[in-house]
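Undergrad: Sequence plus predicted model, see below.
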Amino acid sequence: MKAVIFDLDGVITDTAEYHFQAWGSLAAALSIPFDREFNEQLKGISRTESLEKILVRGNLSDTLSEEGKQELAMQKNTEYQRLISALTPADVLPGIKALLKELREARIGIALASASKNAAFILDRLELAHYFDSVVDVTAIRNGKPDPEIFLAGAANLGVQPADCIGIEDAQAGIQAIKGAGMFAVGVGTPSQMQGADIVVATTAELSLSMLEEHFYEFKK
Ligand code: BG6
Ligand code: MG
């Protein structure tokens, strides 16, 4: 086990909840039904893809122009940025900072593979940026999750083989991406939301270097 590649929203901090709230406000303004079950499909995918899924659900996709869609995506992002502007280091999810410290001390590579264009801002707010050897530049990624590209880029940036990496995700699309990259997949959530994960934890508080190593080497046997 040479590297751990983290998703951000819903793994390092609970911004998955803020994405949910911001999309919820937009959907309500457009009179489109929106709930947590539907929101699961939006986790891990880009802003434009998320908007498209919401608009298709409301039968509005064909009636809006590209400019109209861009305006809606911007409205959602404005609301999302308002919500994340108040993030502090206290918003790091349980167990994450301790894990980052353990990984650093053990000289295990650490990368971020987030679909979010707000990722660098959030890492700064949480005061975690210095733990990361690499933050994959999402604007340089052609195929979003569930495509493995972003996780493969993380491994390449760290100079390690995908088979020697663990990926941690809270989205079904993210688990697919990790497995597609040939990595060991850790899901945060419920087993039904994390299909295909090699292990699933209910919360990040369960994560530690020793538990990751134990499961990783058991899997490799
Ligand atoms: C992912 C989230 O990390 O980033 C998605 O799981 C979100 O919900 C995506 O849509 C893009 O984020 P942003 O901040 O660029 O709109
Ligand atoms: Mg996520």
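TA: Perfect, thanks for sending it. Ligands and ions are numbered 1, 2, ... in the order given.
Undergrad: you'd agree residue 200 is in a strand?
TA: Yes - under DSSP: H, G, I helix; E, B strand; the rest coil, residue 200 falls within a strand.
Undergrad: For the nearest residue to it once chain neighbours are set aside, which three-state class applies?
TA: Closest residue to residue 200 apart from its sequence neighbours, by CB to CB, 6 or more residues apart in numbering: residue 187 at 4.3 Å. C-beta: built from backbone N, CA, C; applies to glycine. Secondary structure assignment for residue 187 (three-state DSSP): strand.
Undergrad: Same check on residue 166?
TA: Residue 166 is classified as strand under three-state DSSP.
Undergrad: Then residue 194?
TA: coil.
Undergrad: Does it touch residue 173 like I think?
TA: No - here residue 194 does not reach residue 173: they are 11.1 Å apart, not a contact under CB atoms under 8 Å.
Undergrad: Where do the strands of the protein begin and end?
TA: 3-6, 109-112, 134-135, 165-169, 184-188, 199-201 (DSSP state E).
Undergrad: Which pLDDT value does the model give the residue of the chain positioned farthest from its centre?
TA: In the chain, counting by CA atoms, centre = their mean, residue 63 sits farthest out from the average C-alpha position, at 30.6 Å. Note on residue 63: pLDDT of 96.
Undergrad: just to revisit the earlier point, burial of the residue nearest to residue 200, as a residue count?
TA: The tally of other residues near residue 187 (other CB atoms under 10 Å) stands at 26.
Undergrad: Residue 86 versus that one, what's the distance?
TA: 28 Å (CB to CB, to the nearest Å).
Undergrad: Also residue 97?
TA: 19 Å.
Undergrad: count of neighbours near residue 55?
TA: Neighbours around residue 55, by other CB under 10 Å: 21.
Undergrad: now do residue 217
TA: With other CB under 10 Å as criterion, residue 217 counts 11.
Undergrad: That one contacts residue 1, doesn't it?
TA: Yes - counting by CB under 8 Å, residue 217 touches residue 1, with 7.4 Å between them.
Undergrad: Outside of the helix ranked longest in the chain itself, list whatever touches it.
TA: Counting residues, the longest helix found in the chain (DSSP state H) is helix 66-84. Applying CB atoms under 8 Å, 6 or more residues apart in numbering, the contact partners of helix 66-84 are 15, 18-19, 21-23, 25-26, 30, 47-48, 51-52, 55, 64, 118, 121-122, 125.
Undergrad: Helices - which of those land there?
TA: Checked against DSSP H, the contacts of helix 66-84 include these in helices: 15, 18-19, 21-23, 25-26, 47-48, 51-52, 55, 121-122, 125.
Undergrad: Now the buried members of the residues you listed.
TA: Burial by neighbour count, 16 or more other CB atoms under 10 Å: within those this picks out 15, 18, 19, 22, 23, 25, 26, 47, 51, 55, 122, 125.
Undergrad: what separates the first one from residue 36, distance-wise?
TA: Think residue 15. Distance from residue 15 to residue 36, by CB to CB: 15 Å.
Undergrad: try the fourth one
TA: In this structure, residue 22 lies at 14 Å from residue 36, with CB to CB as the measure.
Undergrad: got CSV for the buried ones among the ones in helices among the contacts of helix 66-84, with distance to ligand 2 too?
TA: Shown next, in CSV, are those (distance: CB to the ion, whole Å):
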residue, distance to ligand 2
15, 8
18, 12
19, 9
22, 14
23, 14
25, 20
26, 19
47, 13
51, 17
55, 22
122, 12
125, 17
